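# Based on what follows, work out the 3D shape:
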Amino acid sequence: MKLQELSEKLGVVLDGPGDLEIRGVNTLEDAGPEELAFLANPKYVNQLATTRAGAVILTAEEPSRGRPALRASNPYLAFARAMELFYPPARPAPGIHSTAVIAPSAKLGQRACIGPYVIIEENVEIGDDCVLKGHVVIYEGAKIGHRFFAHAHAVVRERVTIGDDVILQNGVLVGGDGFGFAKQADGSYYKIVPAGTVILEDGVEIQANTCVDRATLGTTRLRRGVKVDNLVQIGHSCDIGENSLLCGQVGLAGTCKIGRSVLLTGQVGVAGHLSIGDHVIATAQSGIPRDVEPNRIISGSPAIDNARWLKCMAAFVRLPEIYARLRKLERKLSLE
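Residues are numbered from 1 along each chain as shown. Just a heads-up that it's a prediction; the model follows:
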């Protein structure tokens, strides 16, 4: 693809020869003369001097150092769109595999692609252009919108509702029983049967081996545009706000309310029955035991303001020296 054509398709500004042939995309470090790279993180700016890339996606302000460039307000987003041009996601041809088991009352939209050993139970409804890869199971009464893509071994449990353009990666479980038990007099636990459901709104993507538990009563809800990483646990009755990101190994106890555009980075743990405001960022391994106001960055366990946490960590690494000086001062005072 010519660089001129590429700039037009991406809606970015061409800065260089339009007839340059681009055949793929790559990183600044690994790109070759016929590949497009990008610079989004200032950490890698020095690689502009050494990269072999044929062209680079840059901001309007970043010097190109004599290299052909595409100027974009968001180079990372432009690069993501370029990836789709050169490596479009594969979509199987419509059809139903002979080993699939589909209940007579199930309703499938147009151009469905149903893979081997898929099970679709009674009264399921799925919209147009769905793809269900091998061993996907859709329980009774689930309602699913258009362009649903479920990778192998994903499971959607009974009465779950899913919007349009939702992706479930391998091994995702949506609507499993929440972790609810009532303690009995003899010390054993009596299972609380969950009567609620799960709703995934439009544009949600859930990555491999993540569990979204059914509400005990009411709804566990992931709102429009939520993205969930691998190995995340979302407890019963949680409500995740629009465009929030939950990174790998995040754990939410039951009945958490997460605001819009919240970022919970790796291994963040959130206690039950609390609220996190809009635009909060929790750094890796934070433990959140109480409500968090909007627009804050928090760190640590228990989580505190990030700036204060950084000061605490700076002091923590100096504790041996501080302790040695304190002991020395105590000995000196005791001799006086």
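
# For Ala37, list each beta-bridge partner.
The residues listed as beta-bridge partners of Ala37 by DSSP bridges are Val56.

# how many other residues sit next to it?
The tally of other residues near Ala37 (other CB atoms under 10 Å) stands at 26. For glycine as for every other residue, the C-beta is placed from the backbone atoms N, C-alpha and C.

# I'd assumed Arg52 was in contact with it.
No: in this structure, Ala37 is not within contact of Arg52 by CB atoms under 8 Å, at 9.0 Å.

# Residues that sit against both of those two, list them.
Between them, Ala37 and Arg52 share these contacting residues under CB atoms under 8 Å, 6 or more residues apart in numbering: Ala31.

# these two touch, right, Arg224 and Asn243?
Yes: counting by CB under 8 Å, Arg224 does reach Asn243; the two are 7.4 Å apart.

# what domains does the record give for this structure?
For the chain, automatic domain parsing gives the domain ranges 3-86, 95-309.

# As TSV, the ones you listed with distance to Leu333 would be great.
Converted to TSV, the domains of the chain look like this (distance: least, CB to CB, whole Å):
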stretch	distance to Leu333
domain 3-86	48
domain 95-309	31
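
# most packed of the ones you listed?
Mean neighbour counts were compared across the domains of the chain using mean count of other CB atoms under 10 Å; the top stretch is domain 95-309, at a mean of 19.

# any idea of the mean pLDDT in it?
In this model, domain 95-309 has an average pLDDT of 98.

# How far off centre is it?
How far domain 95-309 lies from its chain's middle: 11 Å, per CA atoms, centre = their mean, to the nearest Å.

# and the end-to-end length of it?
Using CA to CA, to the nearest Å, the span of domain 95-309 from its first residue to its last is 55 Å.

# Look up how far Val172 lies from His236.
Here the criterion is CB to CB, to the nearest Å. By it, His236 lies 16 Å from Val172.

# ok, back up a step: please identify which of the domains of the chain is closest to Arg325.
With CB to CB as the measure, domain 95-309 is the member of those nearest Arg325 (23.3 Å).

# so where do the helices sit in the stretch 51-200 of the chain?
Secondary structure of the stretch 51-200 of the chain, counting by DSSP state H, counting those that start in this stretch: helices at 75-86.

# do the same with the stretch 201-336 of the chain
Taking DSSP H, counting those that start in this stretch as the criterion, the stretch 201-336 of the chain contains helices spanning 306-316, 319-335.

# if you compare these, which one is most tucked away?
Across the helices of the stretch 201-336 of the chain, averaging neighbours per residue (mean count of other CB under 10 Å) puts helix 306-316 on top, at a mean of 12.

# what does that helix contact?
Ile281, Thr283, Arg296, Ile297, Ile298, Ser299, Gly300, Ala303, Ile304, Ile322.

# Stretch 319-336 too?
Contacts with stretch 319-336, where a contact means CB under 8 Å, 6+ apart, come from Ala315.

# please renumber so the chain begins at 9
Renumbered: residue one is now 9, and that last one reads stretch 327-344.

# what about that stretch, distance to the chain center?
Its chain's C-alpha centre and that of stretch 327-344 lie 50 Å apart, by CA atoms, centre = their mean.

# And for stretch 53-71?
The chain centre lies 28 Å from the centre of stretch 53-71; the measure is CA atoms, centre = their mean.

# Quick check, Leu18 in contact with Ser81.
No: in terms of CB under 8 Å, Leu18 does not count as a neighbour of Ser81; the distance is 11.4 Å.

# Assumed Leu14 was part of a helix.
Yes: applying DSSP: H, G, I helix; E, B strand; the rest coil, one finds Leu14 inside a helix.

# Please name the residues that touch it.
Applying CB under 8 Å, 6+ apart to Leu14 gives the contacts Ile30, Leu44, Leu78, Ala90, Leu93.

# Quickly list what the third one is bridged to.
When bridges are called by DSSP bridges, Leu78 pairs up with Leu22, Ile65.

# quick one: contacts for it?
For Leu78, the contacting residues are 11, 14-15, 18, 20-23, 44, 63-66, 86, taking CB under 8 Å, 6+ apart as the criterion.

# Pick out whichever of those residues sits closest to Gly135.
The shortest gap between Gly135 and any of these belongs to Leu18, at 29.7 Å (CB to CB).

# Can you report phi and psi for the closest one?
Per-residue torsions, Leu18: phi -90, psi -10 (degrees, to the nearest 10).

# For it, which residues are in contact?
Applying CB under 8 Å, 6+ apart, the residues contacting Leu18 are Leu78, Ala80, Ala86, Arg89, Ala90, Leu93.

# Next, format those residues as a markdown table and append pLDDT and distance to Ile128.
Conversion of the contacts of Leu18 to a markdown table gives the following (pLDDT from 0 to 100; distance: CB to CB, whole Å):
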| residue | pLDDT | distance to Ile128 |
| --- | --- | --- |
| Leu78 | 97 | 44 |
| Ala80 | 97 | 42 |
| Ala86 | 97 | 39 |
| Arg89 | 96 | 34 |
| Ala90 | 96 | 37 |
| Leu93 | 95 | 34 |
